[in-house]
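[1] What follows is a predicted protein model with its sequence.
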Amino acid sequence: MVSRRKLANHLTVVTVPQPGTETVTVMVLIPVGSRHEHPRINGISHFLEHLMFKGTEKRPSTLELTKQLDAVGAEYNAYTSKDVTLYYIKVAANQLELALDLFSDMLFHSLFDATEIDRERGVILEELNMYEDNPVMHVDTLFETAVFGKTHPLGYDIGGKKQNIRQLPRSAFIQYKQTHYSPAAMHLVIAGNIDRQSQRWIKQYFGDQPAGRGAERYKPFARYQRNIQFLHKHKNTQQTQVAMGVAGIGLQRARDLAVLSVLSTILGGNMSSRLFISIREKQGLCYVIHSSVNPYVDTGTLMIQAGIDNTRVVPAITAIVEELRRIKQDLVTTEELRNAKTCIAGQTALKLEDSSALASFYGKQSVLLGTLHSPQQKLQMIRQVTREDIRRLARHLLHLQKLNIASIGPQSSLTAVKSHLTL
């Protein structure tokens, strides 16, 4: 049975037993990301995540940390998003204590050695270059800048500004960690084959740390968009990458988010979706096209991404907008609705077979919403979605003046396309 409790120091512990597996995932989620930053420190959340693997008082080098994990065949990684920083270690079930020991050491006793910090600057700059050199990976960042604006933290690049990466001092990382990485803000998730001694180990490795402050507040998003937004980045490529869509639904609106998930599946969630059949199969305007729902707590996006021949950007965008107009104007078919629901159910089942996926599923709910809903409860909301719900939400969200279009390619066709669009 899934449980959620707090230690005496207010650290939140979520346990997710998974019968029949021989592995266990330990995950730590901290409610901090690029939306908690201001321009002069943009990138610090992601940089700090890197530094947690650079040595501790007990294990003073990266090698000493990773060697212990590699010796037991562990999978381990971390990532930073706009609202959460997440670390995980997945091991054989009999190595649970090692994973808890290592996490405690990294989170509470990292050295932040000045030489390691300077060395890591180069690593992160190359990571930023990698994303910038790959339009498929970078266009969604450009899209969210268009949606949320360059001055709102949700519009920032998670990786940060290169100038900041070069200049952030050691003291900034220490202060930022002290502010955000307190037990009172942390959520520890253990999913899989959980040893009976886990509660003792949790208390041993995490229970003695002072509580500190809880999660820090962030700047909410509230912007009324009155005109279509275009954002283009010039790059000499054989194909133009386009990401387009609207501000969507946040995690706090669970029922509308379920409706939007079904809408997106019908629109561009698989190879039998409307966009795939119309834009690729019938008109041959692209190779890859898909839609996705990307929610934060208070807002989110509905995004369509496609790689388009440089000479056919205008007809492709026009055709995509026509599909948006159709789903807004007419009820989806009963068959489309049924297939979208079973598609989501099947994808959920496949995804949550893994202990690390289960840990993430429950951990993100815990850290962002403070509640836990089971997959069955989530799917029940999906099953309740009606054809009328989809049209209602489409008519609420899909308006030309609310549309945002970002592109990366050799030339911008975005301003030329505006006169062709009706939504």
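    Looks like it arrived, so ask away.
[2] domain assignment for this structure?
    Split into domains by automatic domain parsing, the chain comes to 3-206, 229-420.
[3] which one of those domains lies closest to residue 218?
    Among the domains of the chain, the nearest to residue 218 by CB to CB is domain 3-206 (5.0 Å). Where you see a C-beta, it was placed from the backbone N, CA and C, and this is true even at glycine.
[4] any chance of the domains of the chain in a markdown table, plus mean pLDDT and distance to residue 214?
    Below are the domains of the chain laid out as a markdown table (pLDDT from 0 to 100; distance: least, CB to CB, whole Å):
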| stretch | mean pLDDT | distance to residue 214 |
| --- | --- | --- |
| domain 3-206 | 97 | 4 |
| domain 229-420 | 95 | 11 |
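[5] would TSV of these with distance to residue 222 be doable?
    Shown next, in TSV, are the domains of the chain (distance: least, CB to CB, whole Å):
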stretch	distance to residue 222
domain 3-206	9
domain 229-420	9
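[6] would you turn those into JSON lines with mean neighbour count and distance to residue 217?
    What follows is those, written out as JSON lines (neighbours: other CB atoms under 10 Å; distance: least, CB to CB, whole Å):
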{"stretch": "domain 3-206", "mean neighbour count": "18", "distance to residue 217": "9"}
{"stretch": "domain 229-420", "mean neighbour count": "18", "distance to residue 217": "11"}
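[7] Among those, which comes closest to residue 212?
    Closest among the domains of the chain, once you apply CB to CB, is domain 3-206, at 2.6 Å.
[8] so how far does that closest one reach from one end to the other?
    End-to-end distance of domain 3-206 (CA to CA, to the nearest Å): 18 Å.
[9] Just give me how far it sits from the chain centre.
    14 Å (CA atoms, centre = their mean, to the nearest Å).
[10] Then stretch 292-310?
    12 Å.
[11] Put the alpha carbons of it into CSV.
    C-alpha atoms of stretch 292-310 as CSV (Å, rounded to 0.1, in the frame of the first residue of the first chain):
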residue,chain,number,x,y,z
SER,A,292,2.1,17.0,-26.0
VAL,A,293,0.7,18.4,-22.8
ASN,A,294,3.3,19.9,-20.4
PRO,A,295,1.8,21.0,-17.1
TYR,A,296,3.3,22.9,-14.2
VAL,A,297,1.4,23.5,-11.0
ASP,A,298,-0.5,26.7,-12.0
THR,A,299,-0.2,26.6,-15.8
GLY,A,300,1.2,24.6,-18.7
THR,A,301,1.3,24.2,-22.4
LEU,A,302,-0.3,22.3,-25.3
MET,A,303,2.5,22.0,-27.9
ILE,A,304,2.6,20.7,-31.4
GLN,A,305,6.1,20.0,-32.8
ALA,A,306,7.1,19.2,-36.3
GLY,A,307,10.1,19.1,-38.6
ILE,A,308,9.2,20.8,-41.9
ASP,A,309,10.8,21.3,-45.3
ASN,A,310,12.2,24.8,-45.4
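[12] Spatially, what comes nearest to residue 357 if we skip its sequence neighbours?
    residue 351 (5.2 Å; CB to CB, 6 or more residues apart in numbering).
[13] roughly how far apart are the one you found and residue 378?
    12 Å (CB to CB, to the nearest Å).
[14] And residue 410, by the same measure?
    Residue 410 is 42 Å from residue 378, where distance means CB to CB.
[15] what's the answer for residue 188, then?
    For residue 188 relative to residue 378 (CB to CB), the value is 22 Å.
[16] SS state for residue 297?
    Classification of residue 297 using DSSP: H, G, I helix; E, B strand; the rest coil returns coil.
[17] Assess the claim that it and residue 253 are in contact.
    No: counting by CB atoms under 8 Å, residue 297 sits too far from residue 253 to count as a contact (10.1 Å).
[18] quick one: the strands in the stretch 51-200 of the chain?
    In the stretch 51-200 of the chain, the strands defined using DSSP state E, counting those that start in this stretch lie at 75-80, 85-92, 187-192.
[19] How about residues contacting the second one?
    Around strand 85-92, the neighbours that count as contacts under CB atoms under 8 Å, 6 or more residues apart in numbering are 22-30, 32-33, 45, 48-49, 52, 69, 72-80, 98-99, 102-103, 106-107, 192, 355-356, 359-360, 363.
[20] With stretch 149-156 instead?
    34-39, 42, 82, 144-145, 147-148, 218-219, 221, 223, 296, 299.
[21] switch the cut-off to 6 Å
    Residues from elsewhere that reach stretch 149-156, judged by CB atoms under 6 Å, 6 or more residues apart in numbering: 34-35, 37, 42, 82, 145, 148, 219, 221.
[22] Make CSV from those and add distance to residue 3 to it.
    Shown next, in CSV, are these (distance: CB to CB, whole Å):
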residue, distance to residue 3
34, 31
35, 29
37, 33
42, 37
82, 29
145, 40
148, 36
219, 33
221, 33
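[23] Closest one of those to residue 171?
    residue 37 (16.2 Å).
[24] For residue 287, which three-state class applies?
    Once three-state DSSP is applied, residue 287 turns out strand.
[25] Quickly note the distance from it to residue 115.
    45 Å.
[26] ditto for residue 281
    55 Å.
[27] on that earlier part again, quick one: which of the strands of the stretch 51-200 of the chain is nearest residue 227?
    Across those, residue 227 has its closest neighbour in strand 75-80 (31.9 Å, CB to CB).
[28] So which of the strands of the stretch 51-200 of the chain is nearest residue 416?
    Nearest of those (CB to CB): strand 75-80, 36.8 Å.
[29] now for that closest one, which elements pack on it?
    If you count contacts as 3 or more CB pairs under 6 Å, 6 or more residues apart in numbering; DSSP states H and E, strand 75-80 packs onto helix 44-51, strand 85-92.
[30] Could you verify that residue 372 is part of a helix?
    No: judged by three-state DSSP, residue 372 forms no part of a helix; its state is coil.
[31] quick revisit: if I read this right, the residue nearest to residue 357 contacts residue 360, doesn't it?
    No: with contact defined as CB atoms under 6 Å, residue 351 does not count as touching residue 360 (9.4 Å).
[32] Spit out the residues that contact these two alike.
    With CB under 6 Å, 6+ apart, residue 351 and residue 360 have no common neighbours.
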